[in-house]
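1. Could you work out the structure for the sequence below:
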Amino acid sequence: MPAVDLSNLTEDAYDPKEPYARVLNHEPLRFDGDMDPFQQLLVGASIKGASDIRIQTDSRIRIKMHGTQHFATAKPLNASEVLSILSHMWRSEDAFSILRQGRPLDFSFEVPIDRHRRQRFRVNAKGVMKGAGDGISMTMRPLPTKTPTIDDVGLDSEVRPYMSPQHGIVVVAGATGQGKSTTLAGITRFHLENTADPKAIVDLQAPIEFTYSDVLTDHSDCASSIEQSEIGEGRNLPSFGDGVWAALRCAPDIISLGEARDKASLEGCLEASLTGHLVYTTTHAGSVAEGLRRMVVNFPAEERDARAFDLITSLQLFVVQHLVRTSDHRGRVPLREYLLFDDYVRDQFVSVPIGDWPKAVSRLMQESADRVLARSMHDAAQQKVDEGKVSYDDLRRLLPRH
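-> From the prediction side, this is the model:
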């Protein structure tokens, strides 16, 4: 990767007062082969536990560790250096022209560590304004080399029996960077390892974060299969909507959709679930009530009531998760709000206008556990505080009402 000066990554150039400098240099990082300074930064940050690496025109590289941002370089990168990095990762010179058309890029990038190890990253790039000109902003997220289990993602014991219905829609919601894809990966792994009930899975992601190669190798005796397609500019399929409709022609048992983000993808999810498929998907929302509203408003007003009925009929489980720093600030733990959709719960929604759904959710969250399987984010947070896993102050910043 030419024309990128990252000599300021050396230990001598770090300001010792900057926390990330101490984190990165806490112990020596040893790699086989030849890696340029940029690759060393990426791999070193991922080994240390960074969740995000942010690169922007005329800015210093920043790295997010356990929810806190730190500088990673002493000097900013200029426009040509950032463009060089993007072109190198995108493997084409047309990346900037795509961004200037207002189209973001979502793709994966891989760094070889040695003969046997690779570190993959999820990359999002978009155009931004820098002064009077156009700039580039990139966020890189290290991807785990090992597929997580449902134990690894801390899936709540109360909801585990309901994560694998015969058909319908299971939604995992949350903000960006809250582990939605990782939770879905843990669920997918469960199905791939389930020799008693093998499934044909179609996995649609933007980009593909988990390849499941470790699971498929270790469980070659299981008849389950997975077919993966990457969604996005210049990838396998142009959109999630196209992907889910194409998946329906492949006779899958399970469709895992990276995000139900628009009318076309939601229509595909509803059609798949109503025709007997099990669909897992994610959406951006901070609560069950918000998630339901955001999914419904994707449809035109004249279709909304009918589609709202289809959604409530199809939903099996709605989970919202936030990741919060542990009390020792060495990691993060998930807080999960959830609502199981059975016949009683569905009746509470179909009998009221869409505008009253938030009130319906609030009432259901307060009902007795023997009637409704539900937990509010407030109760999830209180449980973690009582267990000593998170601090009250950290929760108050995330959930202002605490």
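2. any idea which element Pro115 lies in?
-> Careful, residue 115 is Arg and not Pro. Using DSSP states H and E, Arg115 sits in no helix or strand.
3. care to break the protein down by domain?
-> 7-143, 160-398 (automatic domain parsing).
4. Redo those domains as CSV? Include mean pLDDT.
-> Converted to CSV, these look like this (pLDDT from 0 to 100):
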stretch, mean pLDDT
domain 7-143, 78
domain 160-398, 91
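5. Pick the most buried one from those.
-> For these, the largest average neighbour count (mean count of other Cβ atoms under 10 Å) is found in domain 160-398, namely a mean of 18. Glycine gets a C-beta too; all of them are placed from N, C-alpha and C.
6. Helix, strand, or coil at Arg396?
-> helix (DSSP: H, G, I helix; E, B strand; the rest coil).
7. how close does it get to Glu290?
-> Between Arg396 and Glu290 the computed distance is 20 Å (Cβ to Cβ, to the nearest Å).
8. now Thr281
-> 16 Å.
9. residue ranges for the helices of this protein, please.
-> Secondary structure of the chain (DSSP state H): helices at 19-24, 37-48, 79-90, 95-100, 180-193, 213-218, 240-248, 263-274, 288-296, 301-314, 343-350, 357-365, 377-386, 392-398.
10. do you know which of the ones you listed lies nearest His329?
-> helix 392-398 (8.6 Å; Cβ to Cβ).
11. Can you give the contact residues for that closest one?
-> His322, Val324, Arg325, Ser327, Ala381, Lys384, Val385, His402 (Cβ atoms under 8 Å, 6 or more residues apart in numbering).
12. so Leu373 makes contact with Asp156?
-> No. Using Cβ atoms under 8 Å, Leu373 is not in contact with Asp156; the gap is 10.4 Å.
13. who touches both of those two?
-> Tyr338.
14. Just confirm Phe71 contacts Arg60, I think it does.
-> Yes. Under the criterion of Cβ under 8 Å, Phe71 makes contact with Arg60 at 5.2 Å.
15. so what's the nearest residue to Gln228 once chain neighbours are set aside up against?
-> In space, not counting the residues next to it along the chain, Gln228 is nearest to Asp203; the distance is 4.5 Å by Cβ to Cβ, 6 or more residues apart in numbering. Listed by Cβ under 8 Å, 6+ apart, the contact set of Asp203 reads Thr188, Ile226, Glu227, Gln228, Ser229, Ser256.
16. From Ile150, how far off is the first one?
-> In this view, Thr188 and Ile150 are 10 Å apart by Cβ to Cβ.
17. swap in the second one?
-> Distance, Ile226 to Ile150, using Cβ to Cβ: 16 Å.
18. can you check the last one too?
-> Per Cβ to Cβ, Ser256 is found 14 Å from Ile150.
19. now swap in Ser391 and tell me
-> For Ser391, the distance to Ile150 equals 26 Å [Cβ to Cβ].
20. ok, Glu267 - contacts?
-> Taking Cβ under 8 Å, 6+ apart, we find Glu267 in contact with Gly241.
21. Quick check: the gap between it and Thr211.
-> Computed as Cβ to Cβ, the Glu267 to Thr211 distance reads 28 Å.
22. Ramachandran coordinates for Arg60?
-> Phi and psi for Arg60, reported as degrees, to the nearest 10, are phi -80, psi 150.
23. Repeat that for Asp262.
-> Dihedral angles of Asp262 (phi, psi; degrees, to the nearest 10) stand at phi -150, psi 180.
24. Excluding chain neighbours, what is closest to it?
-> Using Cβ to Cβ, 6+ apart, the nearest residue to Asp262 is Asn298, at 6.0 Å.
25. and that neighbour, what does it touch?
-> Counting by Cβ under 8 Å, 6+ apart, Asn298 has contacts Asp262, Lys263, Leu266.
26. Among those, which one sits closest to Pro198?
-> For the contacts of Asn298, the nearest to Pro198 is Leu266 (28.4 Å; Cβ to Cβ).
27. need the contact list for the closest residue in space to the closest one that isn't next to it in sequence.
-> With sequence-adjacent residues excluded and distances taken as Cβ to Cβ, 6+ apart, Leu266 is closest to Ala260, at 5.0 Å. Residues near Ala260 by Cβ under 8 Å, 6+ apart: Val171, Phe240, Leu266, Cys269, Thr281, Thr282, Thr283, Met295.
28. what do you get if the cut-off is 6 Å, keeping everything else the same?
-> If you count contacts by Cβ atoms under 6 Å, 6 or more residues apart in numbering, Ala260 has them with Leu266, Cys269, Thr281, Thr283.
29. Glu193 now?
-> With Cβ under 6 Å, 6+ apart, Glu193 has these contacts: His219.
30. who's in contact with stretch 220-238?
-> Identification of contacts with stretch 220-238 by Cβ under 6 Å, 6+ apart yields 106, 192, 195, 198-204, 206-208, 212, 240, 243.
31. again, only using 8 Å
-> By Cβ under 8 Å, 6+ apart, stretch 220-238 touches 92, 98, 103, 105-108, 188, 191-195, 198-208, 211-212, 216, 239-240, 243, 246, 250, 252, 258.
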